[in-house]
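>>> This is the structure alone, sequence omitted:
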């Protein structure tokens with residue numbers, strides 16, 4: 001089975017709930033959709049979330065050029081990944097190049113799973129497993145946070161993460177108190193994300209104020225690349241540290257592990273290198289007994305978590321549901337299982353794709 005052509009579409013679908021952060025509100029998700037057509041008639045599908053509309057055309061342009069380069073090549077993700085890496089060795093395999101390479105890798109794996117008539121997790125040698133899912137919430141005042149927790153509990157969630165780091169540290173405490181009150185006695189799982197907002201020293205000061213909540217983790221309490229700073233925070237608070245969503249490839253992950261930067265691992269399937277990179281990351285985490293949680297990309301991550309020995313939590317921040325025929329939904333027990341259809345769970349709602357294309 002060989003690559004025939006790439007079909008690339010840029011869309012900006014709305015988020016079901018606008019995601020509020022310290023730097024603004026994200027109301028729509030800039031996505032590049034990729035369909036890789038093969039000479040067998042099968043098509044592999046995926047998307048990448050490129051964070052800003054300004055990245056849509058650069059990533060789409062790179063994919064178009066790579067589509068010409070890869071035409072006629074076997075649908076062999078590891079071989080293709082090595083070829084693309086060689087082409088960007090001098091320019092670097094991060095940023096736009098990494099986004100494009102990961103899109104190709106994910107679409108090729110989707111195609112292989114469809115060709116085998118298997119869900120992706122089974123192609124990877126794993127039975128479908130339900131993952132504990134958490135609602136990844138934005139930065140909101142206590143009353144608004146409480147209302148979202150109440151709505152999410154009704155939807156089935158029992159786990160929540162908030163964007164912390166309000167200007168006044170006491171506001172973070174007020175938000176967490178409001179979440180616990182909204183749960184009305186239910187046993188809920190809580191984590192917070194500092195989003196690289198503070199120095200290690202300030203993060204330690206603020207984290208100590210939150211220790212009474214017995215949080216599951218404190219995410220990115222320092223700049224993503226500051227491995228020593230993350231290790232410093234680990235030593236300065238009883239809250240476990242979580243990082244990894246900004247690891248661009250296995251080398252970044254290895255540097256973090258060598259520095260003792262985190263109690264957990266959170267690879268982002270796009271930044272870590274697609275399905276191929278995720279498998280390497282999962283093996284590395286397994287070797288160090290690190291719990292692995294996902295970042296974004298819920299559909300394909302549900303499959304990858306099933307094939308991850310130390311799988312922990314599945315993040316739910318639905319960026320693509322508006323353009324899918326079967327958006328991910330949480331079960332009444334707060335879990336999400338991978339789709340049982342062949343592939344990675346991506347089927348386009350073409351009416352919506354046309355509506356939100358840019």
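Okay, I see it. These numbers were taken from a predicted model, which means no experiment stands behind them. Residues are numbered from 1 along each chain as shown.

>>> residues near the closest residue to residue 312 other than its chain neighbours, how many?
Excluding its sequence neighbours, the residue lying closest to residue 312 (CB to CB, 6 or more residues apart in numbering) is residue 291, at 3.7 Å. Bear in mind the C-beta positions are built from the backbone N, C-alpha and C, glycine included. By other CB atoms under 10 Å, the residues close to residue 291 number 19.

>>> Could you tell me the model confidence score at residue 291?
Residue 291 is assigned 98 on the pLDDT scale.

>>> Was I right to think it contacts residue 266?
No: with contact defined as CB atoms under 8 Å, residue 291 does not reach residue 266; the gap is 9.3 Å.

>>> hang on, the earlier thing: list the contacts of the residue nearest to residue 312.
Listed by CB atoms under 8 Å, 6 or more residues apart in numbering, the contact set of residue 291 reads 263, 264, 265, 285, 310, 311, 312, 313.

>>> ok, now with 10 Å
216-217, 240, 242, 262-266, 285, 308, 310-313 (CB atoms under 10 Å, 6 or more residues apart in numbering).

>>> So which residues of this structure form helices?
Remark: helices assigned in the chain by DSSP state H are 56-70, 77-87, 95-115, 120-123, 142-155, 169-182, 200-210, 227-236, 250-258, 274-287, 298-306, 350-356.

>>> what residues does the second one touch?
The contact list for helix 77-87 (CB under 10 Å, 6+ apart) reads 3, 44, 62, 65-66, 69-70, 73-74, 76, 93, 97-98, 100-102, 104-112, 249, 273-277, 279.

>>> what's the answer for the fifth one, then?
Outside helix 142-155, the residues within contact range by CB under 10 Å, 6+ apart are 17, 20, 134-135, 137-140, 157-160, 162, 171-184, 186, 188, 190, 316, 329-332, 334.

>>> most packed of the helices of the chain?
Of all the helices of the chain, helix 298-306 carries the top mean neighbour count, a mean of 28, counting by mean count of other CB atoms under 10 Å.

>>> which other helices and strands contact that helix?
Using 3 or more CB pairs under 10 Å, 6 or more residues apart in numbering; DSSP states H and E, the elements in contact with helix 298-306 are strand 43-49, helix 95-115, helix 120-123, strand 131-136, helix 274-287, strand 313-316, strand 335-336.

>>> quick one: that helix to helix 95-115, angle?
Orientation check (axes from the mean of the first three to the mean of the last three CA atoms, to 10 degrees): helix 298-306 against helix 95-115 gives 70 degrees.

>>> now helix 298-306 against helix 274-287, angle please.
Using the same axes, to 10 degrees, helix 298-306 lies at 40 degrees relative to helix 274-287.

>>> can you tell me the average pLDDT over helix 298-306?
The model assigns helix 298-306 a mean pLDDT of 97.
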